[in-house]
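*Asks:* Build me a model:
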Amino acid sequence: MKICVLGLDCAAPEVILRDERLVNIRSLMQRGVYGRLESVIPPITVPAWMCMATSQDPGSLGVYGFRNRSDHSYDKLAFATSASIKAFAIWDQVAAAGKKSIIVGVPPNYPPRRVNGISVGCFLTPDTVKNDFTYPASVKAKITELVGEYPADVKNFRTENKVWLRDQIFEMSRKQWEVVRWLLRGQEWDYFQFVDIGLDRVHHGFWNYFDAQHLQFEEGNPYQNVIPEYYQWLDQQIGTVLAMLDKDTIVLLVSDHGAQRLDGGFAINEWLIQQGLLILNEYPKTITPFEKLNVNWEKTRVWSEGGYYARVFFNVKGREPQGIVAPEDYEAFQNEMKGKLENLFDDKGALLNSLVFKPKELYRQVRNIAPDLIVHFGGLYWRSIGTVGHSRIHIQENDTGPDACNHAQFGMFVLSAPGCEMRGEFQGARLLDMAPTLLRLAGYAIPPTMQGRALFSM
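*Replies:* Reported below is the predicted structural model:
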């Protein structure tokens with residue numbers, strides 16, 4: 001039995017499961033089961049899509065975000081690539097049964113992952129003209145012939161030029177869905193997965209124009225309908241794909257995480273400086289990335305990387321080059337820092353209600369260099385600001401460019417499978433449950449490495 005997975009990066013269940021104008025998605029919901037889908041912690045594109053494909057948590061994969069520490073030094077951060085993920089994925093199980101897969105834009109997929117079938121790179125591809133972004137490499141020429149230059153992403157999507165951004169996202173998506181239809185129609189496959197990154201870019205670029213609860217929202221603004229229009233565009237593309245599939249195909253519409261308004265940024269390293277935990281030899285005169293700060297490592301106990309969530313690291317003696325936190329004090333210090341971070345306040349003096357996690361309590365395994373603490377400021381209504389030079393800890397501006405939303409812990413799924421008797425809304429589904437569920441429904445064995453459970457059977 002064939003499996004077709006259509007991934008919508010950052011799709012919000014509050015929108016996609018409620019908008020009656022999304023007629024093709026409504027039809028899929030009526031034929032199957034749907035609901036909110038709990039993502040992993042942290043709910044980030046990398047590693048969330050591969051957590052879904054492998055049914056393993058981020059700690060077991062050893063990937064905690066787009067950038068990860070290469071070792072215990074202070075300055076070696078490496079971007080995640082396809083080679084960062086070693087775990088057995090759903091398409092590997094399909095290949096073990098002698099079947100073929102096509103994966104398009106499933107992050108991280110650069111360099112393009114070698115599969116038994118066809119692999120097309122994701123948004124992390126540096127340049128689709130200069131770089132090989134397909135496996136086999138010959139597929140690149142066929143895609144170029146079909147759509148011209150293939151856009152893996154909208155470069156510099158954090159911009160104030162919203163007209164340009166809107167047009168670029170729609171153009172990227174148009175070309176990508178054209179390639180998807182060509183692959184579905186003309187290539188051999190038993191498992192197919194595509195991830196549309198455009199929805200994530202639309203959310204980050206336009207959520208403040210769409211969400212009436214956003215601090216920057218203004219009724220009647222010129223971009224108020226960009227997000228609904230993109231959802232309707234996606235619904236049309238999904239409709240064309242559904243029309244191409246035979247009635248025995250399992251179809252999963254799924255997101256890696258959701259989206260929600262962004263109330264502000266918490267400058268974590270500024271706060272650590274105020275607390276006397278991060279010591280600088282010289283405070284910068286302008287806003288400065290952490291890696292360019294003049295840090296006194298002989299006196300620093302804690303530092304952090306910014307992003308949608310905070311990765312907090314301790315300077316541990318015998319682990320880091322100039323560590324000063326004694327190993328025997330580690331657990332007590334970790335508990336102390338967790339308490340401090342859980343009791344932070346917002347710019348109005350109200351408790352932020354931040355969520356603070358210890359990796360060893362969160363993950364089944366902790367591989368590679370994990371943060372010592374993971375922090376979701378304000379339940380992800382606030383993002384983590386890693387730069388220093390603001391002279392304050394609460395800021396509205398994002399230090400990496402305009403950003404209107406943050407990720408939400410819950411994404412969504414709609415599953416239609418021949419022979420599956422479940423119908424209607426389902427509660428309690430997790431991202432890690434998707435691969436085992438698809439394998440069970442299609443008649444494959446579930447690898448013992450997978451941590452999720454099959455929600456339904458034939």
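*Asks:* how about the nearest residue to Phe410 once chain neighbours are set aside, what does it touch?
*Replies:* Excluding the flanking residues, the one nearest Phe410 by CB to CB, 6 or more residues apart in numbering is Arg36, at 4.5 Å. Heads up, the C-betas are built off the backbone N, CA and C, glycines and all. Contacts for Arg36 (CB atoms under 8 Å, 6 or more residues apart in numbering) come out as 13, 17, 410-412, 427, 429.
*Asks:* Surely Ser354 touches Val375?
*Replies:* Yes - proximity of Ser354 to Val375 meets the contact threshold set by CB atoms under 8 Å, at 5.9 Å.
*Asks:* Please confirm that Trp303 is located within a helix.
*Replies:* No - looking at Trp303 with DSSP: H, G, I helix; E, B strand; the rest coil, it is strand, so not inside a helix.
*Asks:* That one contacts Trp271, correct?
*Replies:* No - when contacts are counted by CB under 8 Å, Trp303 is not listed as touching Trp271 (11.3 Å).
*Asks:* more crowded one of the two?
*Replies:* The residue with more neighbours, out of Trp303 and Trp271, is Trp303; 23 against 20, by other CB atoms under 10 Å.
*Asks:* contacting residues for the more buried one?
*Replies:* Per CB under 8 Å, 6+ apart, neighbours of Trp303: 269, 272, 278, 290, 295, 312-313, 315.
*Asks:* if you set the cut-off to 7 Å instead, what comes out?
*Replies:* 269, 272, 278, 290, 313 (CB atoms under 7 Å, 6 or more residues apart in numbering).
*Asks:* go on, Leu438?
*Replies:* Counting by CB under 7 Å, 6+ apart, Leu438 has contacts 3, 90, 250, 252.
*Asks:* what do you get for Ser304?
*Replies:* Counting by CB under 7 Å, 6+ apart, Ser304 has contacts 268-269, 272, 310-313, 384, 386.
*Asks:* now it, nearest residue through space, not along the chain?
*Replies:* Counting by CB to CB, 6+ apart, the residue nearest Ser304 is Ile268, at 4.3 Å.
*Asks:* any idea how far that neighbour is from Phe66?
*Replies:* Here Ile268 is placed at a distance of 17 Å from Phe66 (CB to CB, to the nearest Å).
*Asks:* of those two, who's got more company?
*Replies:* Here Ile268 and Phe66 are compared on neighbour count by other CB under 10 Å; more neighbours surround Ile268, at 30 against 18.
*Asks:* any idea of the pLDDT on that one?
*Replies:* With respect to pLDDT, Ile268 scores 98.
*Asks:* what does Gly148 give?
*Replies:* In this prediction Gly148 is given a pLDDT of 97.
*Asks:* Distance check, the closest residue to it other than its chain neighbours against Leu355.
*Replies:* Nearest residue to Gly148 in three dimensions, chain neighbours excluded: Lys175, at 7.6 Å (CB to CB, 6+ apart). Distance of Lys175 to Leu355, given as CB to CB: 38 Å.
*Asks:* Ok, Trp189 next?
*Replies:* Trp189 is 39 Å from Leu355, by CB to CB.
*Asks:* List the contacts of the nearest residue to Gln322 once chain neighbours are set aside.
*Replies:* Nearest non-adjacent residue to Gln322, counting by CB to CB, 6+ apart: Trp297, 4.1 Å away. Counting by CB under 7 Å, 6+ apart, Trp297 touches 74, 315, 322.
*Asks:* Check the gap between the first one and Thr300 for me.
*Replies:* This points to Tyr74. 9 Å.
*Asks:* what are the ranges of the strands in the stretch 151-300 of the chain?
*Replies:* Using DSSP state E, counting those that start in this stretch, the strands of the stretch 151-300 of the chain run over 191-196, 250-254, 258-261, 264-267, 280-282, 294-295.
*Asks:* what does the stretch 1-150 of the chain give?
*Replies:* 3-8, 33-38, 67-69, 77-79, 101-104, 117-120, 134-135.
*Asks:* Using TSV, lay out these together with mean pLDDT and distance to Asp403.
*Replies:* Supplementary listing: the strands of the stretch 1-150 of the chain in TSV, determined by pLDDT from 0 to 100; distance: least, CB to CB, whole Å:
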stretch	mean pLDDT	distance to Asp403
strand 3-8	98	19
strand 33-38	98	23
strand 67-69	94	17
strand 77-79	91	19
strand 101-104	98	26
strand 117-120	98	27
strand 134-135	98	31
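*Asks:* can you tell which of those is closest to Gly220?
*Replies:* Closest of the strands of the stretch 1-150 of the chain to Gly220 is strand 3-8, at 27.7 Å (criterion: CB to CB).
*Asks:* got the contact list for that closest one?
*Replies:* By CB under 7 Å, 6+ apart, strand 3-8 touches 49, 191-196, 199, 234, 238, 241, 245, 249-256, 438, 442.
*Asks:* which of these are buried?
*Replies:* 49, 191-196, 199, 234, 238, 241, 249-256, 438, 442 (16 or more other CB atoms under 10 Å).
*Asks:* Who are the packing partners of the lowest-mean-pLDDT helix or strand in the chain?
*Replies:* Least confident element among the helices and strands of the chain, by mean pLDDT, DSSP states H and E: strand 77-79 (a mean of 91). In terms of contacts (3 or more CB pairs under 7 Å, 6 or more residues apart in numbering; DSSP states H and E), strand 77-79 is packed against strand 67-69.
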